[in-house]
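fold the following and give me the result.
(chains A and B)
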Amino acid sequence: MYKIPQKIRLLFPYIILATATFFILQPAAFLLFGSIWSTMPGRPGEITLANYLEVLNDPFLGKVLLNTLLFALGASSVAIALGTVLALLVMKTDAPFRHVAVFLPILTFAMPSSVESMSWTFLLSPRTGLVNIAFMRLTGLEEPLVNVYSLIGMTLVMGLNLMPVAFMIIAPSFSLFDRSLEEMARVSGAGVSYLFRKVTLPLVAPSIISAFIYCFIVALEAFDTPAIIGIPAGIYVLTTSIYTQMVSEVPPRYGTATAYATILLAISIAAILLYSIAASKADRYATLSGRATNVNVLRLGKYRYLGTILILGYLFIHPIPLLITLGIASVHRFWNPDRLFTNLTLENYEKFFTYPVASTAVMNSIIVSISSVTLTVAIGFLATYFTLRRNMRGGHILNSLLSIPLALPPIVLAVGVFWSVLYFDIGLYGTVWALVYAYTLRYVPLVIRFLSGPMLQIHKDLDESAILYGGGVVRTLTRITLPLLWGAVSAAALYVFIRTFTDLGIAVLLVTRESTVLSTTLFALWNTGEKLTVVAGGVVYVFFLLLLLLVAYRLGFRLFEQPSRYA
Amino acid sequence: MSGSATSRVPVLAAVAAIIVSIIAAGYATALVQSIQADTARAVKDIQPAIDDVRNRLNTLERMVALYAKAAGIESPEAAEKLIKEREELRARIEAARKESGKLVIYGSVDYPDIKSVLDAFQARYPFIQIVYEHMRPPEVYTRITSELSANKPTADLVLVSHTTGIRLANEKRYLPYASPEAAGFPDIFRDKNGEWTGAVLLPIAFAYNTDKVKTPPTSLDQLTDPQWAGKVIMHDITLGTTGTQYLVSLRDIVGEAKWNQFLEKLARNVKPVLDISVSTVAEKVASGEYHIGLITNLHDVVRLKMQGAPIDYFLPSEVPLLTTFSHIAIINTTKNPNSAKLFVDYILSQEGQTIIGNTPVRFPARPNIPARFTLENVVGPAVKPAIYPSDEAVAKARDWAAKFKEMGFGAQ
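Residues are numbered from 1 along each chain as shown, chains lettered A, B, ... in the order given. Here you go, the predicted structure:
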């Protein structure tokens, strides 16, 4: 074993802090600069507050803010309610079909949210949605059942879209706490519902709260769903306003767009502060000690069939109709519900596969996602460990620093990174590594969120005793912490993999032809008006991801702990 | 007697000489005559051949004249110019061979629609490899301007919709190049300094769903009837792009009073839903989600109709078929000017334009192209398209976009 001199060791935290500060703040600095600069960065201009004045005078600002908050709050509430119930049923109970319910949400999670939102429009458009047409024909009514092109419609779609995320953040905490707590309650004569309300729920509350705040932030910054459903409905949120100003208007209004982004930043920072308060209180729920072994299966008894109905109900509302619609739409030459099955074709698949850059795109996607996963998980794991367990000097500053990119909506982060790789030339511009840089910035805070809950649940005495017995930092990490956290680490890795694989908001501004990825290839096709080719591409995409997930599964990566292991 | 004998000899010789010379003269005469006869015969024999040559020369002359006329050469000077151009082309090809052998194009024309032209160009000039990056027009603008301001390599050429590309031209990003092929284009399709030339037409039409609407509105007034409320989708006119510039250009054509009345009634009675993509407007009419689509690409409507979708295009009587175009231009920082010029020549040539016109569905900008999808073939020769955007539409697009928003179009 090599020994590092004490002096250098003392400097380590500062070196890390300085490097992190540089890489994290550079894109953010470009953004803030952009919001007070009268022209594009790099062009002659002057410092001005005109952008902010213009935004504050925008008569639509209030409406946009209200839409954004209702949308984000509504979507995260829907996601958390559904996610908690499903996580509970799957991880803790003996409800039938729970194993199916594990895999289908992952399938919808693996689906790019643009494709998922499109699929909902095929089902719920007021005049051409299959569900609405069926409803109007059956009842003879003229009014559609649900109009997806409304604030409620887009909120529900986003909520369902986020449900798998909520599920994956909450599910592990159901399997991590000490069964003896529940056993004691049971022995004391508590019933199922009492046990749930008084013991189980409080124990997973930190996870639920952090999942809620995380979903809120994701919904706040979501672009695909508000764009595909909100823009046609004329309902703009902050991200779509930024996007239209930056990408759809000519000439682009960078100044006001970044001013809008600053408002978004302020809201996100408030949410993050809330989160850290919630997280700091989570320590008292540390329940996984060296003694814990297994998770209790909650026998539902007479509620067993309620559980089944809930699981099946979810499956028939979300993943099943979505996948079927996608499959059906992908074999149509054009979409018109009055002409279903009359214009069948495999052209969409052919077009997707013969698209000239498709093979480069697949290779690039794999390279980008694997590199980003490696970097984010390594950085996220070390940051979590050293701030939560070792109380490294400046640890909290580092953690807050790492959280900053979370507050930047993908499209805005992408512009920041775009300018930063343009002007600070270290050879990243136009390569896949610019994407890896952006993804690492974006997903490290997420990995920290994935890991801090479970890390807090592992009692400090485990690694403290390891150190007491002479285990070094590396040894303690690899022998004690990592194995105990393997579930959370592999979940985080898979999550980042899928997110980077399906991301569009960041990629769309950073790729060039040589560095194009799968999602941008689909987007390029989308722009040609070939939406059904995109649907076909989405189907291929989902199958391809499933294949990769299967490989990952064989290699021991789990999105969450399998309930069967404890049953 | 001896004297008389000696004087007889010269006399005899003289007589003999005379006789000989007479005979010789006779022979000579006969010979000359026979030669003359031979010559006459020979001349008579080759006369048809001479006539033939003369005829051929005449024909050739006539053909050259014909070809020259067809090629627009009406004088020897013009012919010289042509020869000069040929030589320039040869010199350019040689110069292009010495360049990097790679051309980067940022284009807003969809890749599948332009691929066949790129392939044909590469087949002709195998030493030039083309990298075509497809992006939306505003992204072309952003990429070019930001890469240039950071001194990063950028595209050699752009093939971008004129409504956006004109901003790059105004910012002096283009290399002037008067392509000999541009001469085949009307003035409205080319810059007077040769900075850009229109390559692909982008005609704008209105669309209706043939299942839901039996007879489309024939006037702007009918279009604003409350019966269409909630059933109309339109390209977003609050962005300053296609929709905005189209509507503003229409103002001068239909007259300000009528135009104002139309927009007010449209906002009040119909409240069209706005979409940020021109192509999506046609798609949502084809799916039946909307009955009428305003400001969409004619080529999208024609393509969907060919695929069997219940969609067709229409134009109210007051509205002419307005078209803009995607222009080809060379970025003035290019390191490969000769290769870039070869590409400009090719895409504007009869051959390049014919390939575009045979792509389902794209309209070539050059007139009289023998291709399947020319504007005349699709809308009929009677329809006379007009060009938009007007200068005002370009200059004041942002102001008008804001005005449209105030009129009640757009965000809820």
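
mind pulling up the pLDDT for the residue of the stretch 151-300 of chain B found nearest chain A?
Using Cβ to the nearest Cβ, the closest approach of the stretch 151-300 of chain B to chain A is made by B:Ser279 at 3.1 Å. All C-beta atoms are positioned from the backbone trio N, CA, C, and that covers glycine. Model confidence at B:Ser279, given as pLDDT, is 84.

look up phi and psi at it.
Backbone torsions of B:Ser279, given as degrees, to the nearest 10, read phi -70, psi -40.

same check on the one 10 residues further on?
The phi and psi values for B:Glu289, taken as degrees, to the nearest 10, are phi -70, psi -40.

that's a strand at B:Tyr132, yeah?
Yes: according to DSSP: H, G, I helix; E, B strand; the rest coil, B:Tyr132 belongs to a strand.

ok, it - contacts?
With contacts defined as Cβ atoms under 8 Å, 6 or more residues apart in numbering or on different chains, B:Tyr132 is in contact with A:513, B:105, B:107, B:111, B:114-115, B:118.

three-state assignment of the closest residue to it other than its chain neighbours?
Excluding the flanking residues, the one nearest B:Tyr132 by Cβ to Cβ, 6 or more residues apart in numbering or on different chains is B:Ile105, at 4.9 Å. Look at B:Ile105: counting by three-state DSSP, its state is strand.

quick check, the residue in the stretch 351-500 of chain A closest to chain B?
Counting by Cβ to the nearest Cβ, the stretch 351-500 of chain A gets nearest chain B through A:Leu422, at 4.2 Å.

so what touches the helix or strand that contains that residue?
Assigned by DSSP states H and E, A:Leu422 belongs to helix A:410-423. With contact meaning Cβ under 8 Å, 6+ apart, helix A:410-423 is reached by A:26-28, A:30-31, A:34, A:41-42, A:221, A:223, A:239, A:242-243, A:246-247, A:254, A:257-258, A:261, A:264, A:405, A:408, A:428-429, A:434, A:437-438, A:441-442, A:503, A:505-510, B:146-147, B:150, B:152.

how far does that helix sit from the chain's center?
20 Å (Cα atoms, centre = their mean, to the nearest Å).

swap in stretch B:193-213?
The answer for stretch B:193-213 is 16 Å, by Cα atoms, centre = their mean.

also stretch A:487-503?
9 Å.

tell me the mean pLDDT for it?
84.

wait, does the longest strand along chain B contact chain A?
In chain B, with assignment by DSSP state E, the single longest strand is strand B:196-209. No: using Cβ under 8 Å from any Cβ of the partner chain, we find that strand B:196-209 stays clear of chain A, coming within 8.7 Å at best.

and for A:Asp58, the neighbour number?
A:Asp58: 15 surrounding residues under other Cβ atoms under 10 Å in any protein chain shown.

show the contacting residues for it.
Applying Cβ under 8 Å, 6+ apart, the residues near A:Asp58 are A:Thr256.

could I get the pLDDT score of it?
On pLDDT, A:Asp58 comes in at 79.

phi first, then psi, for it.
Dihedral angles for A:Asp58 - degrees, to the nearest 10 - are phi -60, psi 120.

wait, which of the contacts of B:Tyr132 is closest to B:Phe409?
Nearest to B:Phe409 among those: B:Gly107, at 30.0 Å, using Cβ to Cβ.

excluding its backbone neighbours, what's nearest the closest one?
B:Leu159 is the one closest to B:Gly107 (Cβ to Cβ, 6+ apart), at 3.9 Å.
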